[in-house]
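> sequence-free structure coming up:
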């Protein structure tokens, strides 16, 4: 029981410290067991003692000289405790087999920062042959690199619920559930300002007055996003906020917000003919300062579009990984980075790629910091 207590303490409070940044030193989980004497009811309904007893365990939190039942803690901690207990130990069983975890609105009792950090533990649960599926209405529980594995679930447009009474009287015959991939869903909204915008609209996300001051890097599209995100993970620089637009010519709305609200955006375009033309247009028509909009070749010498970060050695590496007979094209490159990000398989593709990636991230961070 002491060994079990130590294992649960290390798991729960170790992860708690990581997610919430709280020092749980001196706190431990105490597991105790008790025996309930066996009873059965005879034909007349009278209980009699048996030799078969029930054994059960209970959990308490020891904090210094005091002990508390887990049920006496906050709702958020109780959910977190149960989540860690029934996932991490379950997948560790030698007889676990292939498990499917289903979570409905996980972490809804945790604050926003905790929700964002909690999903970092999901890949640890869905390892090997195990699978994890969860539903959410919180944009904090959406990992951008998993969007290609995401589904939008909706009811038909005319089957609306406006009040609590509507929800009570809503019968199954009124339901017409539709499911589609996010990739299909987002293609229906080609004029949105960013690749993430449709999901923000679907979730009715309203920007906080505190959020709009955050410095961000606006890039042309999701291909750029996946490659730069891969570079960030490879070099362990996760502090660069990236927002993919839907093409070089779609920065207009974001540019207007940037100027009108004096937001701290850095716009990054390709260094090809279209990128240079659009850069000049945004400066001319929206009044964006030349220091707030750059082309890729200004960040890294010899790189015109984001795929130019990949030298021949890196492209051959990707060709082998995808089992292709020729060098990968743009769509195949995007698929490679999507899949690797979703599975957290980030490897060095070549020394030249790593050097160019570091050069680009340094340049982005330097230009973004200059605006703070």
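Thanks, I have the structure now. None of these values were measured; they are calculated from a predicted model. Residues are numbered from 1 along each chain as shown.

> helix/strand/coil for residue 281?
Following DSSP: H, G, I helix; E, B strand; the rest coil, residue 281 is assigned to helix.

> quick check: which element contains residue 13?
If you go by DSSP states H and E, residue 13 is part of helix 2-20.

> mind listing what residue 68 touches?
60-61 (C-beta atoms under 8 Å, 6 or more residues apart in numbering). All C-beta atoms are positioned from the backbone trio N, CA, C, and that covers glycine.

> low-confidence stretches in the protein?
19-22, 24, 94, 96, 156-174, 190-193, 205-214, 371-372 (pLDDT under 70).

> where do the helices of it begin and end?
2-20, 75-91, 112-118, 122-125, 164-169, 182-187, 197-202, 222-234, 252-260, 273-286, 296-299, 312-322, 330-342, 351-369 (DSSP state H).

> reformat these as JSON lines; add distance to residue 143 and mean neighbour count.
Shown next, in JSON lines, are the helices of the chain (distance: least, C-beta to C-beta, whole Å; neighbours: other C-beta atoms under 10 Å):
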{"stretch": "helix 2-20", "distance to residue 143": "15", "mean neighbour count": "16"}
{"stretch": "helix 75-91", "distance to residue 143": "17", "mean neighbour count": "16"}
{"stretch": "helix 112-118", "distance to residue 143": "9", "mean neighbour count": "17"}
{"stretch": "helix 122-125", "distance to residue 143": "8", "mean neighbour count": "16"}
{"stretch": "helix 164-169", "distance to residue 143": "30", "mean neighbour count": "9"}
{"stretch": "helix 182-187", "distance to residue 143": "12", "mean neighbour count": "15"}
{"stretch": "helix 197-202", "distance to residue 143": "12", "mean neighbour count": "17"}
{"stretch": "helix 222-234", "distance to residue 143": "11", "mean neighbour count": "22"}
{"stretch": "helix 252-260", "distance to residue 143": "22", "mean neighbour count": "17"}
{"stretch": "helix 273-286", "distance to residue 143": "29", "mean neighbour count": "16"}
{"stretch": "helix 296-299", "distance to residue 143": "26", "mean neighbour count": "19"}
{"stretch": "helix 312-322", "distance to residue 143": "22", "mean neighbour count": "15"}
{"stretch": "helix 330-342", "distance to residue 143": "9", "mean neighbour count": "18"}
{"stretch": "helix 351-369", "distance to residue 143": "20", "mean neighbour count": "16"}
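
> now the ones you listed in JSON lines, with distance to residue 31?
Listed next are these as JSON lines, based on distance: least, C-beta to C-beta, whole Å:
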{"stretch": "helix 2-20", "distance to residue 31": "5"}
{"stretch": "helix 75-91", "distance to residue 31": "11"}
{"stretch": "helix 112-118", "distance to residue 31": "24"}
{"stretch": "helix 122-125", "distance to residue 31": "22"}
{"stretch": "helix 164-169", "distance to residue 31": "41"}
{"stretch": "helix 182-187", "distance to residue 31": "42"}
{"stretch": "helix 197-202", "distance to residue 31": "41"}
{"stretch": "helix 222-234", "distance to residue 31": "37"}
{"stretch": "helix 252-260", "distance to residue 31": "53"}
{"stretch": "helix 273-286", "distance to residue 31": "61"}
{"stretch": "helix 296-299", "distance to residue 31": "54"}
{"stretch": "helix 312-322", "distance to residue 31": "45"}
{"stretch": "helix 330-342", "distance to residue 31": "36"}
{"stretch": "helix 351-369", "distance to residue 31": "46"}
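
> cheers, nothing more for now.
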